[in-house]
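Enquirer: Show me how the following folds:
(one chain, ligands or ions: 2)
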Amino acid sequence: MANATPSTALPEELAKFEAMADSWWDPEGKFKPLHQFNPERLRFIVRQAAARFGRDETADRPFEGLRLLDVGCGGGLLCEPLARLGFSVTGLDAAEKNIRIASLHAEKMGLAIDYRCDLVEKLAERGEQFDVVLTMEVVEHVDNVDLFLAACSHIVAPGGLLFGATMNRTLKSLAMAKIGAEYILRWLPRGTHDWRKFLKPSEFVGSLRASGLVVDTLKGMSFNPIAGTWSLTDDLSVNYLLSASRN
Ligand SMILES: C[S@@+](CC[C@H](N)C(=O)[O-])C[C@H]1O[C@@H](n2cnc3c(N)ncnc32)[C@H](O)[C@@H]1O
Ligand SMILES: [Mg+2]
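Expert: Ligands and ions are numbered 1, 2, ... in the order given. This is a model prediction of the structure:
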């Protein structure tokens with residue numbers, strides 16, 4: 001049989017992102033929510049990584065010498081600030097156009113980021129390893145999510161960290177992240193998300209554990225409509241993020 005190995009790429013999902021790719025770096029555009037929660041999720045990543053690797057997060061480039069892979073990097077909203085903090089960054093996305101936009105933007109910013117259009121399961125097959133692996137707001141867009149998370153986990157080097165983020169599958173997330181964000185607030189184009197593909201924290205954690213990772217931190221992220229900012233909370237019912245480690 002051709003195609004005996006399942007892939008994590010869903011062609012219709014990739015087409016959606018390619019159609020929006022020109023707006024990756026527009027803070028008021030179709031990716032506005034990602035721009036809005038970028039500072040808070042970056043602080044989370046920096047804090048956990050500094051603690052794990054014994055780095056001083058107030059230093060200029062605290063993460064010099066560490067390799068980071070951003071799986072499903074899109075336009076590179078996380079790759080760029082993390083490269084500035086000293087990580088040697090590889091950005092991976094299954095959509096060709098995202099990689100083109102991300103590469104052009106990094107070049108304009110004078111940042112050396114290794115962008116690749118590839119699949120994480122291929123990197124895992126080749127035995128590549130990274131000190132830090134991110135997969136933020138991606139799992140709800142992939143096929144074969146267990147295979148995807150297993151591949152993400154296997155490329156975490158011993159002693160390394162994985163960060164993940166997605167949306168929970170609850171009635172509240174159906175009301176807020178799907179109907180609210182797409183139909184009422186119009187934060188996202190209609191059809192951006194399929195609520196059935198949202199992942200419960202127990203499912204996310206279970207998948208990582210099955211691949212030998214230990215989940216260290218699990219936090220919710222909530223929007224404050226008055227301040228217009230996102231912050232970490234203990235409420236996991238809509239958006240959440242986690243960090244896990246390989247010991
Ligand atoms: C919502 S965006 C998140 C972008 C980025 N991680 C961020 O949070 O700013 C989801 C990204 O995942 C990518 N993607 C979807 N399926 C993928 C797969 N199987 N492997 C790698 N990337 C994938 C899409 O092309 C898109 O760029
Ligand atoms: Mg999403």
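Enquirer: Return the helix or strand in the chain with minimum mean pLDDT.
Expert: When the helices and strands of the chain are scored by mean pLDDT, DSSP states H and E, helix 171-173 comes last with a mean of 91.
Enquirer: model confidence over the next helix or strand after that one, on average?
Expert: Sequence order places helix 201-210 as the next helix or strand after helix 171-173, per DSSP states H and E. Helix 201-210 shows a mean pLDDT of 98 in the predicted model.
Enquirer: could you say what helices and strands the following helix or strand past helix 201-210 packs with?
Expert: As assigned by DSSP H and E, the chain's next helix or strand after helix 201-210 is strand 214-224. For strand 214-224, the elements it packs on are helix 32-53, helix 201-210, strand 229-233, strand 239-245, judged by 3 or more C-beta pairs under 8 Å, 6 or more residues apart in numbering; DSSP states H and E. Every residue, glycine included, has its C-beta placed from N, CA and C.
Enquirer: and the angle for the longest one with strand 214-224?
Expert: Yep, that's helix 32-53 we're talking about. Interaxial angle, helix 32-53 versus strand 214-224 (axes from the mean of the first three to the mean of the last three C-alpha atoms, to 10 degrees): 150 degrees.
Enquirer: Remind me what whichever helix or strand comes after helix 32-53 packs against, helices and strands.
Expert: Later in the chain than helix 32-53, the nearest helix or strand by DSSP H and E is strand 67-71. Counting contacts by 3+ C-beta pairs under 8 Å, 6+ apart, strand 67-71 packs against helix 79-84, strand 88-93, strand 130-136.
Enquirer: Export those to a markdown table and append columns for distance to E121, mean neighbour count and mean pLDDT.
Expert: Shown next, in a markdown table, are the helices and strands packed on strand 67-71 (distance: least, C-beta to C-beta, whole Å; neighbours: other C-beta atoms under 10 Å; pLDDT from 0 to 100):
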| stretch | distance to E121 | mean neighbour count | mean pLDDT |
| --- | --- | --- | --- |
| helix 79-84 | 20 | 21 | 98 |
| strand 88-93 | 11 | 25 | 98 |
| strand 130-136 | 13 | 25 | 98 |
